[in-house]
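Enquirer: Task: produce atomic coordinates for the following.
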Amino acid sequence: MTSQPVALGTVELPARRGLDLLVLDRVIIQAWDRILFVECGDGWIAEEAWRRALRAYVCGLDLSVAQIALAKQLREVPGKLEFYSWDRRRLPTPDGAFDRVVATFVPLGVVDPEALLRDVQRVLRPAGDVYLLYPAASEGELRHALARAGFAELHELARSEDQRALLVHARAGRQKIV
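Expert: The predicted structure follows:
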């Protein structure tokens, strides 16, 4: 989606936590929700979401096996807060399993954004929500990929203080590409 991929793994920890809080403060988190975090890093963002709605089920995915091992060691609560690695092609979850999917700076050099968004559509329940935090420079490309993947009702929710990251919300559902 951008020629300059940004990965949160390369952002220093205080900056990462600031971006995680930007997301968490705007994502709808309710009891009994099932929430999937794509590129959860060490799992802090997933754990904090779980704490905010204790009856929720939260799953974190990351491309880094080392990050997932750390998340499991520090944070995992089997059946409530779980972590898995994924293969860059298919999210390792059943169809329609989540109310919300939150993706933070998925490394776009190794992931086809349109294919990933179609897979996000697959794992969402009907009328589910997706929240994406990504480089603001790639906004046009992201909007196009979201439309082609069938997401509707795209809304900008926030920008980072330095204006380099953008958080958007979209609702699952089919829409025609104009």
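
Enquirer: residues in contact with stretch 165-173?
Expert: For stretch 165-173, contacts defined as Cβ atoms under 8 Å, 6 or more residues apart in numbering pick out 6, 19, 22-23, 26, 105, 121, 124-136, 139, 142, 146, 150-160. Yep, even glycine has a C-beta here, placed from its N, CA and C like the rest.

Enquirer: Strands - which of these land there?
Expert: Among the contacts of stretch 165-173, DSSP state E puts 124-135, 152-159 in strands.

Enquirer: need the contact list for the spatially most central residue of the chain.
Expert: Nearest residue to the geometric centre of the chain (Cα atoms, centre = their mean): residue 103, 1.5 Å. Residues in contact with residue 103, defined by Cβ under 8 Å, 6+ apart, are 37-39, 116, 120, 130-134.

Enquirer: if we go to 10 Å?
Expert: 23, 36-40, 61, 91, 111, 113, 116-117, 120, 130-134 (Cβ atoms under 10 Å, 6 or more residues apart in numbering).

Enquirer: Tell me how many other residues crowd residue 28.
Expert: By the criterion of other Cβ atoms under 10 Å, residue 28 has 12 neighbours.

Enquirer: got the contact list for it?
Expert: 35, 53, 99-100, 129, 131, 169.
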